[in-house]
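S.K.: I'll drop the sequence and a predicted model, then ask my questions.
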Amino acid sequence: MSPVIDPSFLTTGAEWRIGGAEPGAATEPASGFGNVLGEQLTKLTELQDGAAEASRALATGEATDPTAVVMAVERAQLAMQLAGQLRTKGVEALNDIFHTQV
Amino acid sequence: MDLFDTTQIALERALQGTSARQATLAENLANANTPGYVRRDVDFQSSLRAAMGEGKDAVERATWTTVADGSAPLRADGSNVDVEREGASLARAGLEHEALVSVIGARHHILRAAMGIA
Amino acid sequence: MGIFDALDISASGLIAERTRMDVTSQNLANAQSTGYRRQDVVLREAGGTFAGVLGRAIGAGAGQARGVEVAAVVTDEGAQRRVYDPGHPDADAQGYVELPNVNAVTEMTDLISASRAYEANITAMQTAKQMFSKTLELLR
């Protein structure tokens, strides 16, 4: 189950891709949901740390570009919301599976 | 259970710092034409930087004072307040304050999202 | 030193500069009035008296807003201008009239300086209000 929109844009800054695949690249078999969630959590932690670092620089007056600080924190916020949505959808999917009539 | 990390405390203290700085700059401007007046400033950022290395409690308790700044050139009437320079510093303090408020608000949203509230 | 202190401080600045402008305008208006002596405004830092400094030191006046205050409006006791004008109703026996030593250039310079400082104090007030307003938005 690969995500419809590849969230790696959050860290790499690459173009948003629909379908989750680079145009022309070979498609790989979809990795498990657990792997996807794990990756997202790692990226989430990185973003949170980056945002905290930038915020500290702003508080102590060392931030040379306040705009960059605001963007870093915004990215961290989006990543957190994405993680929340992934968790919600994952739980919903799980419930659907458990309630499937066999 | 600690809801707020050192960074959040530092951001909030910085907010108080910019507020204190604005008041001090306002006082400089009020005394722009007072003979013999020496301009003052608040360097809260140095205090915060020093406290950050010592942990969350140090940041919470960090204090700063207004210090006289004799480095600016003296005018004929003995006052060293330059209205334009104070105005520029005032604008900068205002912008720093706004940036801090935005960042604090965003981190609050992050906390809420993490807790599962909208 | 919160927002309310900052507003008080800026307000004191506005009052002081307004006083300067009023006195300067009065000097200019009376530049040709015999018997008038030009006036000056003496400013000093508010709370700069011994009582104020002591109060702050022992923490009694910790919440006191400072800023500026008009210490006094003093009359200029310097020599007046003597102008030779025998036709003037106030001329003395030699035909000289004593007019106020109001120098238009000096007064205009004071007026401009007071005006600039007045505007700067307005800006400081607006900045303080804006900063507090932004902080309040956090509650939303």
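M.R.: Happy to help now that I have it.

S.K.: check which helix or strand covers whatever residue of chain C ends up closest to chain A.
M.R.: Closest residue of chain C to chain A, CB to the nearest CB: residue C:134 (13.3 Å). C-beta: built from backbone N, CA, C; applies to glycine. Assignment of secondary structure by DSSP states H and E places residue C:134 within helix C:104-137.

S.K.: what's the mean pLDDT across that helix?
M.R.: Mean pLDDT, helix C:104-137: 94.

S.K.: secondary structure element for the residue nearest the centre of chain C?
M.R.: By CA atoms, centre = their mean, chain C has its centre lying nearest to residue C:20, at 3.1 Å. In this assignment (DSSP H and E), residue C:20 forms part of helix C:3-29.

S.K.: next SSE downstream of that helix?
M.R.: That would be, after helix C:3-29 and using DSSP H and E, strand C:39-45.

S.K.: and the pLDDT at residue A:6?
M.R.: 50.

S.K.: with residue C:67 instead?
M.R.: Taking residue C:67 on its own, its pLDDT is 89.

S.K.: give me the neighbour count for it.
M.R.: Residue C:67 has 27 neighbouring residues, counting by other CB atoms under 10 Å in any protein chain shown.

S.K.: and residue A:45, by the same measure?
M.R.: So residue A:45, with other CB under 10 Å, has 13 neighbours.

S.K.: what helices and strands are in contact with the helix or strand hosting residue C:72?
M.R.: Following DSSP H and E, the helix or strand that holds residue C:72 is strand C:68-75. Helices and strands touching strand C:68-75, by 3 or more CB pairs under 8 Å, 6 or more residues apart in numbering or on different chains; DSSP states H and E, are helix C:3-29, strand C:39-45.

S.K.: so which residues on chain A come close to chain B?
M.R.: A:48, A:51-52, A:55-56, A:58-62, A:66, A:69-70, A:73-74, A:76-77, A:80-81, A:83-84 (CB under 8 Å from any CB of the partner chain).

S.K.: all strands of chain B, in order?
M.R.: B:40-42, B:66-68 (DSSP state E).

S.K.: need the mean per-residue confidence for the last one.
M.R.: Just to be clear, that refers to strand B:66-68. Strand B:66-68 comes out at a mean pLDDT of 86.

S.K.: do that strand and chain A meet?
M.R.: No - if you take CB under 8 Å from any CB as the test, strand B:66-68 misses chain A, and the best it gets is 15.8 Å.

S.K.: show me the contact partners of that strand.
M.R.: Residues from elsewhere that reach strand B:66-68, judged by CB atoms under 8 Å, 6 or more residues apart in numbering or on different chains: B:20, B:24, B:38, B:39, B:40, B:41, B:42, B:43.

S.K.: in stretch B:14-28, what's buried?
M.R.: In terms of neighbour count (16 or more other CB atoms under 10 Å in any protein chain shown), stretch B:14-28 has its buried residues at B:14-15, B:17-28.

S.K.: redo those residues as CSV? Include distance to residue C:77.
M.R.: CSV is the format used below for those (distance: CB to CB, whole Å):
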residue, distance to residue C:77
B:14, 52
B:15, 51
B:17, 47
B:18, 47
B:19, 45
B:20, 43
B:21, 42
B:22, 41
B:23, 38
B:24, 37
B:25, 37
B:26, 35
B:27, 32
B:28, 32
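
S.K.: buried ones from the residues of chain A next to chain B, can you make that a PyMOL selection?
M.R.: A single PyMOL command selects the buried members of the residues of chain A next to chain B (16+ other CB under 10 Å):
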select buried, chain A and resi 48+51+52+55+56+58+59+60+61+66+69+70+73+74+76+77+80+81+83+84
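
S.K.: residues of chain C that sit close to chain B?
M.R.: Counting by CB under 8 Å from any CB, chain C sits next to chain B at C:1-3, C:5-6, C:9-10, C:12-13, C:16-17, C:20, C:42-45, C:66-68, C:113-114, C:116-117, C:120-121, C:123-125, C:127-128, C:130-131, C:134-135, C:137-138.

S.K.: can you get me a residue count around the residue of chain C found nearest chain B?
M.R.: Per CB to the nearest CB, residue C:13 is where chain C lies closest to chain B, at 3.0 Å. For residue C:13, the neighbour count with other CB under 10 Å is 30.

S.K.: contacts only, for it.
M.R.: So residue C:13 contacts B:26, B:29, B:30, B:31, B:32, C:67, C:68, C:117, C:118, C:121, C:124 (CB under 8 Å, 6+ apart).
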